[in-house]
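Novice: got a predicted structure plus its sequence, pasted below:
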2 protein chains.
Amino acid sequence: MPDSRVPPARLCRFITAALERLGLPPTDAATVARLMTDAETQGSDGHGAIRLAPYARRVREGGYNLQPAIRVVQEKPGMALLDGDNGFGHLVMHKATELAIEKARTCGVAWVGSRLSNHAGPASLYARMAAAQDMIGVYFAVGNANHLPPWGGLDMLLSTNPVAVAIPAAEEPPVVLDMASTVAAYGKVKAKAQRGEQMPIGWMIDRLGQPLTDPKRADEGFLMPIGGYKGYGLALVIGMLAGTLNGAAMGREVIDFNKDYRTTTNTGQAILVIDPAAFGDVAAFKARVDTVVREMRASERMPGVERVWLPGEQSHLRRQQNEREGIALPPALLAQLDAIAGELGIPTLHNTN
Amino acid sequence: MPDSRVPPARLCRFITAALERLGLPPTDAATVARLMTDAETQGSDGHGAIRLAPYARRVREGGYNLQPAIRVVQEKPGMALLDGDNGFGHLVMHKATELAIEKARTCGVAWVGSRLSNHAGPASLYARMAAAQDMIGVYFAVGNANHLPPWGGLDMLLSTNPVAVAIPAAEEPPVVLDMASTVAAYGKVKAKAQRGEQMPIGWMIDRLGQPLTDPKRADEGFLMPIGGYKGYGLALVIGMLAGTLNGAAMGREVIDFNKDYRTTTNTGQAILVIDPAAFGDVAAFKARVDTVVREMRASERMPGVERVWLPGEQSHLRRQQNEREGIALPPALLAQLDAIAGELGIPTLHNTN
């Protein structure tokens, strides 16, 4: 493993130590760190280690409840609503997904929503938890800052509200779609800013409708929804399913967690789990998924295209490579993690066992 | 009501008579006609009366089972899988949605999928059935002809695979998103062709990647997915949820119902119903939906934009107008319906009571 790359297990221990020092109970620190590391390992660089600094700041400013009583406040055989008690979103949605998987075994399908939750990392993490149990996972979330107006409007009333779908396959990697309802997720804008890169035209526009390509000017414009009015509609209904339905923040209620580190965000999320075993033979289903995957991959290609990718396939390969060779963290992020280590009085990532 | 406009009830009686003459049992003819009329009334002109001719041809060529035994083949408390026995898709998904609503009352959430179904009209019809019961409906379908390749590919392996979401409100119309995973639905291409109009740039491209704007040349190109690779991913996972999971056609198995009127399509669809009553007070939920809707509508607007629309709001107004004033059917469609009346020996639409 090259020196400049960090083994995921070491990153996980570093994050665990940092979260423990910040005051999370050890088990909770380990759960959050594992999910953050998983995000980084699969290449979700907008939702991995880069988030430790804002999480730490939010803890210090009193924005989190570090001893949350995460509890079921509404329940039916096929659903539950969790009150996250303002704990880390990873803890809330990890528990929500475990509960949805359990309920799906009985009911065939189950849905668990959250309120008073917080940012929980990339949407695919929770959808993939279901796929790891040979189930289908569909995750929805209200993003933690509004970056787009309704179509034709100028008021920032909607977040990028992502959806993720994970579908287990037999010999192929699971199909994992994880998409914001905008051309780019805001986490990608932040990653561009940290790397000092410009954004492509089409990610954002300013209030006059002109292309905005400097990620440092991101708060002067808004993200573009995919397919124009369709992406606006998608962001809206995802927000209603993950937020409004659960009594969580949506629209004007959404707290911009990049600017306000104290106010309870009342984040809403939802996980839908479908058990293919309820529909018939699971092995036969997974074989059918393989067939479709291979048909797509074997398609004749447009001139200049080397390979047809399946959703989640590049993340899958990235995860394998990062597990084997370690994760290449950008220098700016490493410096940020060193600074956190200094502030918290823990060994730096480089000096973590 | 102006002479040139057709009252929805008359259109419904005409379609019912045509379907009965084609051999559907009277109750089934009435159900299909009501849903087709509903589609036309809300302005889903690609999925309304325009479909009577291809349905009739499919019946005549033996592509439908007119006496289907639509039955539950897999069941759990929160789900069911229906075998449509190659009946009209409207019958299958109407039954599926009723079953899902019933199961959602008990489980909080329910999912009913179909196989051996057929084209069932616009996705919003079934999602709206749930909203009419103060529930949330989410509908997925595998389209009945492949019009797009995987991203970067050239083989037509995916249909426009739509999703619809309907969310009940209190004083506001329900929020109803009904979108194909492509910039345009293929039904809209067909409607353009029938009206002799050109398509806007961006709806379709040809195999060399050049814009295709003549709808009569539609089979020389493919529809563009929204957000590029994101829309491809969306079409793929919707197809897996509505098709692959149910043992219905997906990918290469999809029968092009515009070219083949005999082969069983084995169409797959799915309806997810969520009962807001399981999550808390329904009136409070619907009031929260109203609040979000009004926030969007009240947004400051970009220069030149007269109004910010909510998903489903234009269809809602269209439905109200058409119910009040009658539906303005284009002359080409009226001529087509007259021809069908002649073939079947029933009174023309104009002469229907």
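Specialist: Great, that's in hand.
Novice: which residues does A:Gln269 contact?
Specialist: Going by C-beta atoms under 8 Å, 6 or more residues apart in numbering or on different chains, A:Gln269 touches A:89, A:92-93, A:96, A:113-114, A:117, A:120, A:126, A:139-142, A:242, A:248. Placement of C-beta: from N, CA and C, glycine included.
Novice: if we go to 6 Å?
Specialist: A:93, A:114, A:117, A:141, A:242 (C-beta atoms under 6 Å, 6 or more residues apart in numbering or on different chains).
Novice: redo those as TSV? Include neighbour count.
Specialist: Formatted as TSV, these follow (neighbours: other C-beta atoms under 10 Å in any protein chain shown):
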residue	neighbour count
A:Met93	32
A:Ser114	30
A:Ser117	32
A:Ala141	33
A:Ala242	30
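Novice: so of the residues you listed, which ones are in helices?
Specialist: Counting by DSSP state H, these place A:93, A:242 in helices.
Novice: among the contacts of A:Gln269, which pair sits farthest apart?
Specialist: Using C-beta to C-beta, the contacts of A:Gln269 span at most 10.6 Å, a distance reached by A:Met93 and A:Ala242.
Novice: switch the contacts of A:Gln269 over to TSV; also include pLDDT and distance to chain B.
Specialist: Output for the contacts of A:Gln269, formatted as TSV (pLDDT from 0 to 100; distance: C-beta to the nearest C-beta, whole Å):
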residue	pLDDT	distance to chain B
A:Met93	98	17
A:Ser114	98	11
A:Ser117	98	15
A:Ala141	98	16
A:Ala242	98	12
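Novice: ok, and the closest non-adjacent residue to A:Leu154?
Specialist: B:Glu300 (4.3 Å; C-beta to C-beta, 6 or more residues apart in numbering or on different chains).
Novice: mind pulling up the pLDDT for that neighbour?
Specialist: In this model, B:Glu300 is scored at 95, pLDDT.
Novice: also A:Pro162?
Specialist: At A:Pro162, the predicted lDDT confidence score is 94.
Novice: you'd agree it is up against A:Ala180?
Specialist: Yes: under the criterion of C-beta atoms under 6 Å, A:Pro162 makes contact with A:Ala180 at 4.8 Å.
Novice: neighbour count winner among those two?
Specialist: Neighbour comparison, A:Pro162 and A:Ala180: the larger count goes to A:Ala180, with 30 against 26 (by other C-beta atoms under 10 Å in any protein chain shown).
Novice: residues in contact with the more buried one?
Specialist: Neighbouring residues of A:Ala180 by C-beta under 6 Å, 6+ apart: A:160, A:162.
Novice: mind listing the strands for the stretch 51-200 of chain A?
Specialist: A:71-76, A:79-83, A:109-117, A:136-141, A:163-167, A:175-179 (DSSP state E, counting those that start in this stretch).
Novice: of all those strands, which lies closest to B:Met156?
Specialist: Across those, B:Met156 has its closest neighbour in strand A:175-179 (19.4 Å, C-beta to C-beta).
Novice: name the nearest residue to A:Arg10, sequence neighbours excluded.
Specialist: Leaving aside its sequence neighbours, A:Arg10 sits nearest to A:Thr352 (C-beta to C-beta, 6+ apart; 5.3 Å).
Novice: so the one you found belongs to a strand, correct?
Specialist: No: assigned with DSSP: H, G, I helix; E, B strand; the rest coil, A:Thr352 falls outside any strand and is coil.
Novice: contact partners for the residue nearest to A:Ser44 when sequence neighbours are not counted?
Specialist: Leaving aside its chain neighbours, A:Ser44 sits nearest to A:Pro122 (4.0 Å; criterion: C-beta to C-beta, 6+ apart). Residues in contact with A:Pro122 (C-beta under 6 Å, 6+ apart) are A:39, A:44, A:47, A:178.
Novice: from the residues you listed, pick the one nearest chain B.
Specialist: Nearest to chain B among the contacts of A:Pro122: A:Asp178, at 8.8 Å, using C-beta to the nearest C-beta.
Novice: what is the burial count for A:Ser339?
Specialist: One correction, residue A:339 is Ala, not Ser. 12.
Novice: for chain B, what are the nearby residues on the stretch 201-350 of chain A?
Specialist: Applying C-beta under 6 Å from any C-beta of the partner chain, we find that the stretch 201-350 of chain A lies next to chain B at A:226-227, A:230, A:233, A:237, A:240, A:244-245, A:250-252, A:278-279, A:288-289, A:292, A:295-296, A:299-302, A:305, A:308, A:311.
Novice: got it, and the stretch 1-150 of chain A?
Specialist: Residues of the stretch 1-150 of chain A lying near chain B by C-beta under 6 Å from any C-beta: A:74, A:76-79, A:81, A:107-109, A:111, A:149-150.
Novice: switch the cut-off to 10 Å
Specialist: Selection of the stretch 1-150 of chain A residues close to chain B by C-beta under 10 Å from any C-beta of the partner chain yields A:73-81, A:100, A:103-113, A:115, A:136, A:138, A:149-150.
Novice: ok, which stretches of chain A are helices?
Specialist: Under the criterion DSSP H, chain A contains helices at A:8-22, A:26-41, A:52-60, A:89-107, A:124-131, A:186-195, A:229-242, A:282-297, A:313-325, A:331-344.
Novice: contact partners of the last one?
Specialist: Same thing as helix A:331-344. Here helix A:331-344 makes contact (C-beta atoms under 10 Å, 6 or more residues apart in numbering or on different chains) with A:4, A:6, A:11, A:14-15, A:17-22, A:40, A:45, A:48-50, A:52-53, A:55-57, A:60, A:191, A:193-196, A:329-330, A:346-352.
Novice: Provide a list of residues in contact with A:Glu20.
Specialist: Contacts of A:Glu20 (C-beta under 10 Å, 6+ apart): A:26, A:28-30, A:33, A:344, A:346.
Novice: what's the closest non-adjacent residue to A:Leu234?
Specialist: A:Ser181 (4.2 Å).
Novice: what residue of chain A is the furthest out?
Specialist: Going by C-alpha atoms, centre = their mean, the residue of chain A most distant from its centre is A:Pro303, 33.6 Å out.
Novice: enumerate every residue touching it.
Specialist: Applying C-beta under 10 Å, 6+ apart, we find A:Pro303 in contact with B:154, B:208-209.
Novice: just the buried ones from these?
Specialist: Listed as buried from the contacts of A:Pro303 are B:Leu154; burial here means 16 or more other C-beta atoms under 10 Å in any protein chain shown.
Novice: among the contacts of A:Pro303, name the least confidently predicted one.
Specialist: The minimum pLDDT among these falls on B:Gly209, with 73.
Novice: for B:Thr213, see how far away A:Ala80 is.
Specialist: 50 Å (C-beta to C-beta, to the nearest Å).
Novice: looking at the two, which has the bigger crowd around it?
Specialist: Taking neighbours as other C-beta under 10 Å, A:Ala80 and B:Thr213 compare with A:Ala80 leading, 26 against 16.
Novice: give me the below-cutoff pLDDT ranges for the stretch 251-353 of chain A.
Specialist: Within the stretch 251-353 of chain A, no range satisfies pLDDT under 70.
Novice: now it against chain B: closest residue?
Specialist: Residue nearest to chain B within the stretch 251-353 of chain A: A:Ser299 (3.3 Å; C-beta to the nearest C-beta).
Novice: excluding its backbone neighbours, what's nearest that residue?
Specialist: Distance criterion C-beta to C-beta, 6+ apart; nearest residue to A:Ser299, sequence neighbours excluded, is B:Gly153 at 3.3 Å.
Novice: can you tell me which residues contact the one you found?
Specialist: By C-beta under 10 Å, 6+ apart, the contact set of B:Gly153 is A:295-302, A:305, A:307-309, B:222, B:232.
Novice: go again using 7 Å as the cut-off
Specialist: Applying C-beta atoms under 7 Å, 6 or more residues apart in numbering or on different chains to B:Gly153 gives the contacts A:299-302, A:308.
Novice: check A:Tyr229 too.
Specialist: For A:Tyr229, counting by C-beta under 7 Å, 6+ apart, the contacting residues are A:Trp151.
Novice: that one and A:Asn161, how far apart?
Specialist: Distance check for A:Tyr229 against A:Asn161: by C-beta to C-beta, it reads 15 Å.
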